[in-house]
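Novice: Fold the following, please.
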Amino acid sequence: MNTNFTFAIKRSSFDENYNPSENTRITTNFANLARGKNRQENLRNTLVMINNRFNTLAHWDNPKSDRYSVELDIISVEMNIGSEDNSTVFPAIEILKTSIIDKKTNERIEGIVGNNFSSYVRDYDFSVLLSEHNKNQAQFSIPENFGELHGNIFRHFVNSSEYKANFKKSPVICLSVSSKDTYHQTGVQHPVLGLEYQPDGTSLTEQYFNKMGLQVRYFMPKNSAAPLAFFFAGDLLSDYSNLELISTISTMETFQKIYRPEIYNANSAAGQCYQPDLNHQDHSLTKIVYDREERSQLAIEQGKYTEENFIKPYKTILEQWSANYSL
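Specialist: Purely as a prediction, here's the structure:
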């Protein structure tokens, strides 16, 4: 069996008619919204929130705050595990691609790819491997080579001919801040990203994404309640246009308001020194239904699925490939 892993990219529209495919990680933010009896209302409300936030941030030459709308594509990435006929595939990565519609000029503008980030292997690393490693330990520790296979798969994808044929720029992943860290304003202010924050230390998530070739900066956009974590390669401030950055902010802040209202829909904004708190009571709920506890359980289930269908059957080939991987 050769180890020339290749990728197949599939796109589906994230709109009010979206239904998750069988291969979609059901813990994914957008898939979680598209379940249950309120699914269509959830999706419609989410898209309205994204568009409203985009127009608030892109306020120049936009007097009625209705000039732009955002369209979202779900990018599902399947990895071919070395078989000649592409018959052995595993759903490796799922991300979002934004497009901006300028209704004044009838122009469709490329947005950013990345945004939300979902990965079965990450579920395995955090919900199975890390948990098993620390089961009988008095002190928390990280397994040897933690995140290296996942990081190499991601970097291999971003440097693949398939990625380059579909996307012009490197991905930007936008996540919530960690409730374990304290963040301080740096004094830097960007016209779109807003106030920059710096955490006291380095989180496990930062280390994990670093192995994916991504660094992080934290910014709180105008009228936001808390900073967002932007993971990127290259230069976040100069590689992307204001509209591209706004498409990511409006999309991911909306998801965070739904999933972490205690932080991102708090009734007071983060100050110069900020510690996120998921038990913060002074917040508002959106109209969108979401079960955070169920999502945690699903992450464990999907981590075990990955172990049985990817990690164990291909253990030798994956370890050899990852150990020898270089860009």
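
Novice: Now do the phi/psi pair for G234.
Specialist: phi 90, psi -130 (degrees, to the nearest 10).

Novice: no wait, A8
Specialist: Dihedral angles for A8 - degrees, to the nearest 10 - are phi -120, psi 130.

Novice: Let me know how buried it is, in neighbour terms.
Specialist: 13 (other C-beta atoms under 10 Å). Any C-beta I mention is one placed from the backbone N, CA and C, and that applies to glycine too.

Novice: ok, it to A165 distance?
Specialist: A8 sits 12 Å away from A165, taking C-beta to C-beta, to the nearest Å as the criterion.

Novice: Is there a neighbour count for L278? I'd like the number.
Specialist: Neighbour tally, L278, other C-beta under 10 Å: 11.

Novice: check contacts around it.
Specialist: Going by C-beta atoms under 8 Å, 6 or more residues apart in numbering, L278 touches S179, R260, E262, I263.

Novice: element containing the last one, please.
Specialist: In this structure, I263 is located in helix 261-264 according to DSSP states H and E.

Novice: so where do the strands sit in the chain?
Specialist: Using DSSP state E, the strands found in the chain span residues 6-14, 68-80, 89-102, 107-119, 172-176, 183-190, 194-199, 215-220, 228-232, 273-274.

Novice: Where do the helices of the chain begin and end?
Specialist: All helices of the chain, identified by DSSP state H, fall at 29-33, 39-57, 120-124, 130-133, 148-158, 161-166, 204-210, 236-239, 242-259, 261-264, 292-306, 315-323.

Novice: chain center to the second one: distance?
Specialist: To tie it back to what came earlier, the one meant is helix 39-57. Distance of helix 39-57 from its chain centroid, counting by C-alpha atoms, centre = their mean, to the nearest Å, is 18 Å.

Novice: Kindly calculate the angle that that helix makes with strand 107-119.
Specialist: Angle, helix 39-57 to strand 107-119, by axes from the mean of the first three to the mean of the last three C-alpha atoms, to 10 degrees: 120 degrees.
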